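Q: below are the sequence and a predicted model for it; my questions follow.
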Amino acid sequence: MSRLRRLSRTVERTLRKRGVVGTVVYAGTSIADRVRGRTSRPDAGSTEAIDKDAVDDEEFDKKYGVDTGGQIAQTDLDVSEKTWIHGSAYVPTSPVDFTKVLDGLGIEFEQTTFIDLGSGKGRVLLMAAALPWKRVVGVEFSPSLADVSRKNIERYTGPRKCAAMSVETNDATKYELPEGPLVVFMYHPFDDTIMKRVEEHISRAARASSRRILVVYFKPVFREIWDRANAFEKRREETLYVIYDSRKG
Ligand SMILES: C[S@@+](CC[C@H](N)C(=O)[O-])C[C@H]1O[C@@H](n2cnc3c(N)ncnc32)[C@H](O)[C@@H]1O
């Protein structure tokens, strides 16, 4: 994407979000940050403090022959969906032991589909595949990130107990949930506007049948939306994530 196009998308985004005065303040802060050499943005997902003992970005990629590392600002993503303005930057979840995250929740893996909404380059899909899910599905609205994740799925040499893995290039608000029990993972993929729509969609699905839906929300910036969702109750709360369960009691 050209520098000019990137700049105009950034200005469009900040004007909508912050108004004229807010944009001027934001521009000043961003320039000051750059001068100080900081690269992180307020709306980028952060990997801070996630599983410090685990392998880091580069190690994960080297160890398993994939490309999941790095960070990409949303203004640099090739997204045509109007919702791009509400999306977070691409930042992969630091390597996490999903057996620990999902341990003790009574999930029947063979019957359950694991979905990552905003799956990026597929790091979480690869880590999740160590468990024997019925299917692992990624949903990502950037076509180039979705392509990278499909290649990663082919190349991955790490532990794999699930063979049925796929990635759909789609907006999370348009994605039709599959039948059967689900675990829906999200790593701070979008703002509250989109999160509310996604919560309503998933809550409707939970109310419409007796199937179990678990929502795993990492870096839960907009957790109050899920805290208030009547179709769910909080099942587990850790520093880095919260898990909500449609099965009451
Ligand atoms: C913080 S990254 C997380 C990537 C991946 N889930 C992981 O944890 O490694 C958020 C991702 O969500 C994607 N995203 C943001 N809004 C989206 C939307 N409305 N529909 C689909 N993907 C979206 C971004 O392109 C980005 O790849």
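A: Ah, there it is. Numbering: from 1, shown residues only.

Q: what's the neighbour count on the residue of the chain found nearest the ligand?
A: Closest contact between the chain and the ligand, by CB to the nearest ligand atom, is at residue 118 (2.4 Å). In short, each C-beta sits where N, CA and C put it, glycine included. When neighbours are defined as other CB atoms under 10 Å, residue 118 has 25 of them.

Q: need the contact list for it.
A: Residue 118 is in contact with 87, 88, 139, 140, 141, 172, 186, 187, 189, 190, counting by CB atoms under 8 Å, 6 or more residues apart in numbering.

Q: and it, how close does it get to residue 247?
A: 25 Å (CB to CB, to the nearest Å).

Q: next one: residue 184
A: 14 Å.

Q: contact residues of this protein facing the ligand?
A: Contact residues, the chain versus the ligand (CB under 6 Å from any ligand atom): 45, 77, 83, 87-88, 90-93, 116, 118-120, 123-124, 139-142, 145, 171-172, 187-190, 194.

Q: narrow those to those in helices?
A: Among the residues of the chain next to the ligand, DSSP state H puts 123, 124, 145, 194 in helices.

Q: what sits against the last one?
A: Same thing as residue 194. Applying CB under 8 Å, 6+ apart, we find residue 194 in contact with 83, 86, 87, 172, 173.

Q: adding pLDDT, neighbour count and distance to residue 107, write those residues out as JSON lines.
A: Formatted as JSON lines, those follow (pLDDT from 0 to 100; neighbours: other CB atoms under 10 Å; distance: CB to CB, whole Å):
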{"residue": "83", "pLDDT": "91", "neighbour count": "17", "distance to residue 107": "30"}
{"residue": "86", "pLDDT": "96", "neighbour count": "22", "distance to residue 107": "30"}
{"residue": "87", "pLDDT": "97", "neighbour count": "22", "distance to residue 107": "28"}
{"residue": "172", "pLDDT": "98", "neighbour count": "25", "distance to residue 107": "22"}
{"residue": "173", "pLDDT": "97", "neighbour count": "17", "distance to residue 107": "26"}
